[in-house]
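J.: Here is the input, now give the coordinates:
(chains A and B)
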Amino acid sequence: KNEVEQSPQNLTAQEGEFITINCSYSVGISALHWLQQHPGGGIVSLFMLSSGKKKHGRLIATINIQEKHSSLHITASHPRDSAVYICAVRWSYSGGGADGLTFGKGTHLIIQP
Amino acid sequence: SAVISQKPSRDICQRGTSLTIQCQVDSQVTMMFWYRQQPGQSLTLIATANQGSEATYESGFVIDKFPISRPNLTFSTLTVSNMSPEDSSIYLCSVALRNRNTEAFFGQGTRLTVV
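T.: All right, here's what the predicted structure looks like:
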């Protein structure tokens, strides 16, 4: 079964620290999503990428297709960044369900003041 | 982009009852999906809501338990029927504007607790 693995599962850091969350997957993909889930459950799409690097404000997402690995970085972290960050991939083959997505279990991030 | 309004945001329900969750999108979208996220688990696709026809369910999910409606291209409902405590989860609506290869947008989620 093709899988998506995230690390770490839990991360607590101090305000201002540089944060890195990792996502690895098992076979080729056509796209990778980084999602942010707030305590109420709602999800916001942060990035969708298939190669290289994207930046939005303090968030940076990179992907290495050859190594089947992506990272989400948060610079100058703030308590409001506290959330669950979820990696989701769309496999190159037509698998993963009708939506084509397979989700990681998420990284629970807490930024302390 | 698409803005999704999902209601209710949370509810506490008695076992044996049913709850209907609504998903309203601010623009016409091709694909609408319903997910379940059980405590500590990743999102799992329940079904694809098809406009004007029966939903397409993933393995392990059945229409009698999770009836879905989609009367038009901007609205869908998911009903969790005859609830038990095992149905306590977050339920999420998601849309793709044109097809599954385009960016996905998610609703705010419905946190359901069954007592």
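
J.: Can you show me the strands along the chain?
T.: Since no chain was named, I'll use chain A. Using DSSP state E, the strands of chain A run over residues A:4-7, A:10-14, A:19-25, A:29-37, A:43-49, A:52-56, A:59-64, A:69-74, A:83-91, A:101-103, A:107-112.

J.: Can you look at chain B instead?
T.: B:4-7, B:10-13, B:19-25, B:31-37, B:44-49, B:56-57, B:68-72, B:75-80, B:89-96, B:104-106, B:110-114.

J.: Would you single out the least confident of those strands?
T.: Of all the strands of chain B, mean pLDDT reaches its minimum on strand B:104-106 (a mean of 83).

J.: quick one: is it near chain A?
T.: Yes. On the criterion C-beta under 8 Å from any C-beta of the partner chain, strand B:104-106 is in touch with chain A at B:104-106. (Each C-beta comes from the backbone N, C-alpha and C, glycine too.)

J.: Which strands border that strand, and is each parallel or antiparallel?
T.: According to DSSP bridges, strand B:104-106 forms sheet pairs with strand B:89-96 (antiparallel).

J.: Of the residues of strand B:104-106 next to chain A, which is the most crowded?
T.: B:F106 (25 neighbours; other C-beta atoms under 10 Å in any protein chain shown).

J.: Run through the bridge partners of it.
T.: With DSSP bridges as the rule, B:F106 is bridged to B:S94.

J.: Surely it touches B:A96?
T.: No. With contacts counted by C-beta atoms under 8 Å, B:F106 stays clear of B:A96, the gap being 10.7 Å.

J.: Need the strands of chain B in TSV (columns: distance to A:H69).
T.: Converted to TSV, these look like this (distance: least, C-beta to C-beta, whole Å):
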stretch	distance to A:H69
strand B:4-7	30
strand B:10-13	36
strand B:19-25	33
strand B:31-37	24
strand B:44-49	24
strand B:56-57	32
strand B:68-72	36
strand B:75-80	34
strand B:89-96	25
strand B:104-106	21
strand B:110-114	32
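
J.: quick one: contacts for B:D87?
T.: By C-beta atoms under 8 Å, 6 or more residues apart in numbering or on different chains, the contact list for B:D87 reads B:80, B:112, B:114.

J.: Tally up the residues packed near A:G106, please.
T.: A:G106: 23 neighbours (other C-beta under 10 Å).

J.: Surely it is in contact with A:Q37?
T.: Yes. Taking C-beta under 8 Å as the definition, A:G106 is a contact partner of A:Q37 at 6.8 Å.

J.: Need the residues touching each of the two.
T.: The contact sets of A:G106 and A:Q37 overlap at A:84-86 (C-beta under 8 Å, 6+ apart).

J.: ok, those vs chain B, which is closest?
T.: A:I86 (7.3 Å; C-beta to the nearest C-beta).

J.: residues from chain A in reach of chain B?
T.: Counting by C-beta under 8 Å from any C-beta, chain A sits next to chain B at A:4, A:30-31, A:33, A:35, A:37, A:40-45, A:48, A:86, A:88, A:90, A:97-101, A:103-106.
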